[in-house]
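1. quick check, what structure comes out for this input:
(one chain, ligands or ions: 1)
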Amino acid sequence: MRMKEIAIGEIAIPLKTPFKTALRTVDRMRDLIVRIRLESGETGYGEAPPTAVITGETLSSISAAIREYLAPALRGMTFDRPGEVWERMDRVLAKNTSAKAAVDIAVHDAWARAMGKPLFRLLNPEGSGKAELETDLTISLNDAETMARDAEKAVRDGFRILKVKVGRGGNEDVERVRRVRRAAGADAVLRIDANQGWSPEEAVRTIRMMEDAGLDIELVEQPVSCHNFRGMQYVTARVETPILADESVFSPEDAERLIEERGADLINIKLMKTGGIYPAVKICRMAEKAGIGCMMGCMLESAVSVSAGVHLAAAEPIIRCCDLDGPSLCAENPYTGGPAYEGARIRIPETPGIGIDRVPVSFETL
Ligand code: MG
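-> The predicted structure is shown next:
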């Protein structure tokens, strides 16, 4: 197939409630959308959010990278598999994983449409695939009372798994989780995300307090600074609750090091960290070999790029849990087609590609 045209545009979607973590507060999504057209007529869509606090990338840096480096390198390129496009992107752009992810997702979408199959079926042709996924819902970091109220509402709305944001003071965090557990009930699955907010000693102390209090935490995500691999090892070795690496693992190379050094029990794969589906699949193969389970996560993204994560999670058995609540946090869904987000349930249709067919954005062809 041959790449005929690359275009970019922006989409803005208000959130139901402000999204708050130990790192930031956001009240609306403003993301970059990529559209790719193949010479054979198929269109593919990709998306990237500016998550400067995690990836270092802004809307301007993502669009400049695509405009000045990726589009000139890819225009007119012929390819059989999306990985060939990714390798060429990697030769002209060392970092900016968000820009690469947006283009890689659009390429996968167009490729699967050209093949006439849903993306998840092409990503794992021998597997049966999952027709449905269950996502958690994020409970933003607030005072304990607000978080308890949000948790109660989430359970009422049909979410069985809650991802509770913590990371602002160990003792207060124990109180937050205690109140959330009481509000959510004994049947709710609680996973917590400290977003690098604790020191290694504080993490061990806080997690042990939660263990001793019987708060029944499924896993703890990124307890300490992303650069502190030794701190991740220190915590992983000293608590019973499984530790999930998020900000510490972007690339397959990071995953390799983490697995070798036992820096966590689990890996959170996000397309904006890996640079798209192609490197994410490599992490799945490594994790499978090491027997390390993966979570499919997302940044604050809308249904275009989250749906790409949905297809990957549906294709890969090693992806055992999903944090794909981006579309559930949006006050409206501007798109048509693609996976259906119905509360905690995500259903994957058998339509070709990622499935999204209306993207109301004014595009600029590059
Ligand atoms: Mg996280």
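2. give me the element Ala65 is part of.
-> Ala65 belongs to helix 59-65 when assigned by DSSP states H and E.
3. so which bits of the chain are right by the ion?
-> 193, 221, 246 (Cβ under 5 Å from the ion). All C-beta spots, glycine's among them, are computed from the backbone N, C-alpha and C.
4. again, only this time at 6 Å
-> Residues of the chain found near the ion (Cβ under 6 Å from the ion) are 193, 195, 221-222, 246.
5. and for the residue in the stretch 101-250 of the chain positioned nearest to the ion, the neighbour number?
-> In the stretch 101-250 of the chain, the residue that lies nearest the ion is Asp246 (3.7 Å; Cβ to the ion). The local packing of Asp246 (other Cβ atoms under 10 Å) involves 24 other residues.
6. isn't it right up against Val220?
-> No - between Asp246 and Val220 there is no contact under Cβ atoms under 8 Å: 10.5 Å.
7. hang on, the earlier thing: can you tell me which of the residues of the chain next to the ion are in strands?
-> 193, 221 (DSSP state E).
8. filter the residues of the chain next to the ion to the buried ones?
-> 193, 195, 221-222, 246 (16 or more other Cβ atoms under 10 Å).
9. closest one of the residues you listed to Arg320?
-> Using Cβ to Cβ, Glu221 comes nearest to Arg320 of those, at 14.3 Å.
10. gap between the closest residue to Ala52 other than its chain neighbours and Arg24?
-> Spatial nearest neighbour of Ala52, excluding adjacent residues (Cβ to Cβ, 6 or more residues apart in numbering): Thr58 at 5.2 Å. Relative to Arg24, Thr58 is positioned 13 Å away (Cβ to Cβ, to the nearest Å).
11. tell me the residues that contact both of Asp246 and Val220, please.
-> Common contact partners of Asp246 and Val220 (Cβ atoms under 8 Å, 6 or more residues apart in numbering): Asp193.
12. surely Ala313 and Gly297 touch.
-> No - under the criterion of Cβ under 8 Å, Ala313 makes no contact with Gly297, lying 9.7 Å away.
13. what's the overlap in contacts for these two?
-> 322, 324.
14. all strands of the stretch 201-350 of the chain, in order?
-> For the stretch 201-350 of the chain, the strands defined by DSSP state E, counting those that start in this stretch occupy 217-221, 243-245, 266-269, 293-297, 319-323, 336-337, 340-342, 345-347.
15. so which of those is nearest Leu366?
-> Leu366 lies closest, by Cβ to Cβ, to one member of those: strand 336-337, at 24.4 Å.
16. partners of the closest one in the sheet?
-> strand 356-358 (antiparallel) (DSSP bridges).
17. tell me the helix or strand right after the partner strand.
-> Next element after strand 356-358 (DSSP H and E): strand 364-365.
18. residues contacting that following strand, please?
-> The set of residues external to strand 364-365 that reach it, using Cβ under 8 Å, 6+ apart, is 5-9.
19. could you rerun that using 7 Å?
-> Residues outside strand 364-365 that contact it (Cβ atoms under 7 Å, 6 or more residues apart in numbering): 5, 7-9.
20. now do stretch 135-154
-> By Cβ under 7 Å, 6+ apart, stretch 135-154 touches 18-22, 159, 161-168, 175-176, 179-180, 182-184, 191, 322-325, 328, 344, 346.
21. now do the end-to-end distance for it.
-> End-to-end distance of stretch 135-154 (Cα to Cα, to the nearest Å): 12 Å.
22. give me the three-state assignment for Asp27.
-> strand (DSSP: H, G, I helix; E, B strand; the rest coil).
23. doesn't Lys16 make contact with it?
-> No - Asp27 is not in contact with Lys16 according to Cβ atoms under 7 Å; the separation is 10.0 Å.
24. ok, back up a step: out of the buried ones among the residues of the chain next to the ion, which one sits closest to Glu42?
-> Using Cβ to Cβ, Asp246 is the member of these that lies nearest Glu42, at 33.6 Å.
25. and the gap between that closest one and Pro334?
-> 28 Å.
26. once you drop chain neighbours, what's closest to Ala237?
-> Arg262 (7.5 Å).
27. how does the protein divide into domains?
-> 3-116, 123-358 (automatic domain parsing).
28. for the helix or strand Lys4 falls within, give me every contacting residue.
-> Per DSSP H and E: Lys4 is located in strand 3-20. Residues outside strand 3-20 that contact it (Cβ under 7 Å, 6+ apart) are 25-39, 63, 66, 71, 74-77, 140-142, 165, 300, 302, 329-332, 334, 361-366.
29. so which bits of that strand are buried?
-> 3-9, 11, 13, 19-20.
30. and the furthest pair within those?
-> Across these (Cβ to Cβ), the longest gap, 42.2 Å, separates Lys4 and Lys20.
31. what bridges to the closest residue to Ser362 other than its chain neighbours?
-> Nearest residue to Ser362 in three dimensions, chain neighbours excluded: Gly9, at 5.6 Å (Cβ to Cβ, 6+ apart). Per DSSP bridges, the residues bridged to Gly9 are Ile33.
32. ok, Ser307 - how many residues close by?
-> Quick note: Ser307 (other Cβ under 10 Å) scores 31 neighbours.
33. all helices for the stretch 1-150 of the chain, in order.
-> Remark: helices assigned in the stretch 1-150 of the chain by DSSP state H, counting those that start in this stretch are 52-55, 59-65, 71-74, 82-92, 97-115, 119-123, 144-156.
34. cheers, nothing more for now.
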